[in-house]
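# fold the following, please.
(one chain, ligands or ions: 2)
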Amino acid sequence: MQTLLTHIKQLLQVRDTPIHKVSGAEMANLPLLENAYLLLENDVIMDYGKMENAPSLEGMNVVDCSGKIVLPSFCDSHTHIVYAGNRSGEFVDRINGLSYEEIANRGGGILNSAKKLNETSEEEIYEQSKKRLEEVISQGTGAVEIKSGYGLTVEGELKMLRVIKRLKENYPVAIKATFLGAHAFPMEYKENHQAYIDLIISEMLPAIAKENLADYIDAFLETGYFSVEETIQIMEAGKKYGLTPKIHVNQFTAIGGIKACVDHGALSVDHLELVTEDDIEALKNSDCIPVALPSCSYFISIPYTPARQLLNAGLPLALASDFNPGTTPSGNMHFVVATACIKMKMTPEEAINAATINGAYAMDLSDTHGSITRGKKANFILTKPLHSYYEIPYCFATNLIESVWLEGKKFGTQI
Ligand SMILES: N=CN[C@@H](CCC(=O)O)C(=O)O
Ligand SMILES: [Zn+2]
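Ligands and ions are numbered 1, 2, ... in the order given. Okay, the predicted model is just below:
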């Protein structure tokens, strides 16, 4: 079955020649077609072009898009969507003056979520998590990475990764799974870090590999969490099972972690609210992409990733949501794009590139996702009538989405 979208006011992120990512000054370029058509066949993009060259409407499922914009679905390369319960109590504690660090030191934070997760059945976690996945899909996400990291036990981590696997089987979005056993040290290992790292390496990783549950390995490389040396052990162990590192780093302190991640083959380094000149040097001429998480900065009032500094150095940048119960209880990528423009001074073109093609790169998905390119998945957002794509970040709190399309079908018609 072919579907033809006609009279599209602006068709964004049109890339005739497939690219994997855009970097530095290239990010200011967002190729588009005005008054365009888009032709879908089954689950892929067949063709596109100017309306005057549109194919005959005969026998087609035709969708008139007059006044509306089409852009590729958001590619959210960093989330923790699978969790149990929430941490709204800690949110109020922070309003009343406690910091994220103080809450964590009292056994709150990640350990609070780990306790809840280990007390909750796999079925119940699936039910809670699928609601969040459906929510982000309705907000325009068409490819998403989901981390474990709230188990911190062999069974808990496996439980989370099995839930991610089920989500992958049941939803028409691309999902990549990341093993984040090195998210925090459980209380009983506070004085014996090596014993927990040994548990990750000798028990968790083999069990995960046996069920083929993960694509990537992650660690929270941060003062008070995993040191540079500890993270190197985790990255090297993961690589032995074919898991490429994607690492949380430089959220609160810069301790030389970025260079270690680049040296050990990380696909992405995520957070980077703090960035040093040495970090930038380490990233230059590497294949590792920085990922900024502006909703996290917003929610816990920490600095925003210095996007201009990274782009001026010629580096690529991806934007992701960080959806999690502690620092970012939202996976709304429209808000992420808007906040990147408003607070990080990214232009609309840069922010849309960062949330589409560069997000796809940060999940090894740019061959199939992240742009309007012939042969790629027909995953895209159809907006309500707009004057220009500038209104996407400008209308930062308005729902601009008329419909989301996944694998060639309007979402809601597949499941
Ligand atoms: N910083 C580490 N991990 C998450 C937060 C985890 C939590 O507080 O539950 C993040 O990316 O912000
Ligand atoms: Zn995170």
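# quick one: the closest residue to ligand 1 within the chain from Thr231, how far?
The chain approaches ligand 1 most closely through Gly326 (2.4 Å), counting by C-beta to the nearest ligand atom. Placement of C-beta: from N, CA and C, glycine included. From Gly326 over to Thr231 the distance is 20 Å, taken as C-beta to C-beta, to the nearest Å.
# what about these two, which has more around it?
More crowded of Gly326 and Thr231, by other C-beta atoms under 10 Å: Thr231, with 28 against 25.
# let me see the contact set for that one.
Going by C-beta atoms under 8 Å, 6 or more residues apart in numbering, Thr231 touches 182, 219, 221, 247, 257, 260-261.
# quick check: which element contains the residue of the chain closest to ligand 1?
Secondary structure from DSSP states H and E places Gly326 outside every helix and strand.
# quick check: residues of the stretch 251-400 of the chain near ligand 1?
The stretch 251-400 of the chain has residues 251, 296, 322, 324-327 near ligand 1, with proximity defined as C-beta under 6 Å from any ligand atom.
# as JSON lines, those with pLDDT would be great.
Formatted as JSON lines, those follow (pLDDT from 0 to 100):
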{"residue": "Gln251", "pLDDT": "98"}
{"residue": "Cys296", "pLDDT": "98"}
{"residue": "Asp322", "pLDDT": "98"}
{"residue": "Asn324", "pLDDT": "98"}
{"residue": "Pro325", "pLDDT": "98"}
{"residue": "Gly326", "pLDDT": "97"}
{"residue": "Thr327", "pLDDT": "97"}
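# show me just the buried residues among these.
Neighbour counting with 16 or more other C-beta atoms under 10 Å marks 251, 296, 322, 324-327 as buried within those.
# out of those, which two sit at the greatest distance?
The widest separation within those, taken as C-beta to C-beta, falls between Gln251 and Pro325 and amounts to 16.2 Å.
# any chance of the buried ones among the residues of the stretch 251-400 of the chain next to ligand 1 in TSV, plus distance to Tyr394?
TSV is the format used below for those (distance: C-beta to C-beta, whole Å):
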residue	distance to Tyr394
Gln251	29
Cys296	22
Asp322	23
Asn324	27
Pro325	30
Gly326	30
Thr327	26
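# for the residue of the chain most remote from its centre, helix, strand, or coil?
Note on the chain: the largest C-alpha distance from the chain mean falls to Glu58, namely 39.1 Å (C-alpha atoms, centre = their mean). Classification of Glu58 by DSSP: H, G, I helix; E, B strand; the rest coil places it in coil.
# how far is stretch 402-415 from where the chain is centred?
Taking C-alpha atoms, centre = their mean, to the nearest Å, one finds stretch 402-415 lying 20 Å from the centre of the chain it belongs to.
# just the buried ones among the residues of the stretch 251-400 of the chain next to ligand 1 now: which is nearest Lys168?
Taking these together and measuring to Lys168 by C-beta to C-beta, the closest member is Asn324, at 18.9 Å.
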